[in-house]
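S.K.: just a sequence and a predicted model for now, questions to come.
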Amino acid sequence: RCDANFAACVDTRRSVTGWVVVCFGGAVSWESRKQQTTAASTMDAEYQACGAAAREGLSLRKLLREFVLLCDKLSLKGALDVFCDNQAAVSICKDRRETKRVKHIDVIHHFARDHVASGELKFVYCKSEDNVSDCLTTALPRPLFEAGVEGLGMHCV
């Protein structure tokens with residue numbers, strides 16, 4: 001799951017990316033970080049978050065493949081699902097055509113599209129209220145923050 005908070009930094013106007021990798025019902029890896037490049041739109045910021053989540057998910061999947069060799073009960077078939085609450089970003093991840101709206105995006109951010117084309121990744125739209133990574137990018141009221149943390153498989157104290 002991934003999310004971005006467009007132009008969140010008041011000094012640099014850079015967005016904040018948040019992502020979490022959930023495996024067997026619990027968060028195994030997550031990050032909340034200011035993006036390295038300035039996004040021109042909400043879609044651009046979310047697309048960068050998709051790429052960050054994709055890189056981590058594929059890296060962890062590669063590690064899991066090593067465990068699969070050791071355990072017959074684990075299975076890694078099909079594409080890795082990446083959930084995003086921005087329909088435009090999901091659409092761009094799925095579509096490799098160069099259009100006016102993606103022409104400005106740097107090549108490094110097209111990582112996710114390449115892996116969708118190879119069948120390793122599948123981007124799925126999810127509603128913002130169902131996106132537990134929102135608690136990594138946005139100041140939320142305590143009940144929503146706690147729900148997000150619970151959704152990551154962790155507990156607030």
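M.R.: In hand now; what should we look at? Numbering: from 1, shown residues only.
S.K.: contacts, neighbours, all on C-alpha from now
M.R.: Fine.
S.K.: pLDDT-wise, which helix or strand of the chain ranks last?
M.R.: helix 111-117 (a mean of 79; mean pLDDT, DSSP states H and E).
S.K.: check which helices and strands it sits against.
M.R.: helix 42-70, helix 87-94, strand 121-125 (3 or more CA pairs under 8 Å, 6 or more residues apart in numbering; DSSP states H and E).
S.K.: so can I have CSV of the ones you listed showing distance to residue 8, mean pLDDT and mean neighbour count?
M.R.: Shown next, in CSV, are the helices and strands packed on helix 111-117 (distance: least, CA to CA, whole Å; pLDDT from 0 to 100; neighbours: other CA atoms under 10 Å):
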stretch, distance to residue 8, mean pLDDT, mean neighbour count
helix 42-70, 10, 86, 19
helix 87-94, 18, 86, 20
strand 121-125, 22, 88, 20
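S.K.: turn these into JSON lines, including distance to residue 10.
M.R.: Below are the helices and strands packed on helix 111-117 laid out as JSON lines (distance: least, CA to CA, whole Å):
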{"stretch": "helix 42-70", "distance to residue 10": "15"}
{"stretch": "helix 87-94", "distance to residue 10": "23"}
{"stretch": "strand 121-125", "distance to residue 10": "28"}
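S.K.: on that earlier part again, buried ones in the least confident helix or strand of the chain, by neighbour count?
M.R.: For helix 111-117, the neighbour count (16 or more other CA atoms under 10 Å) marks 111-113, 115-116 as buried.
S.K.: any idea which of these is closest to residue 38?
M.R.: residue 111 (17.3 Å; CA to CA).
S.K.: ok, the nearest residue to that closest one once chain neighbours are set aside to residue 25 distance?
M.R.: Excluding the flanking residues, the one nearest residue 111 by CA to CA, 6 or more residues apart in numbering is residue 51, at 6.0 Å. To residue 25, residue 51 is 22 Å away according to CA to CA, to the nearest Å.
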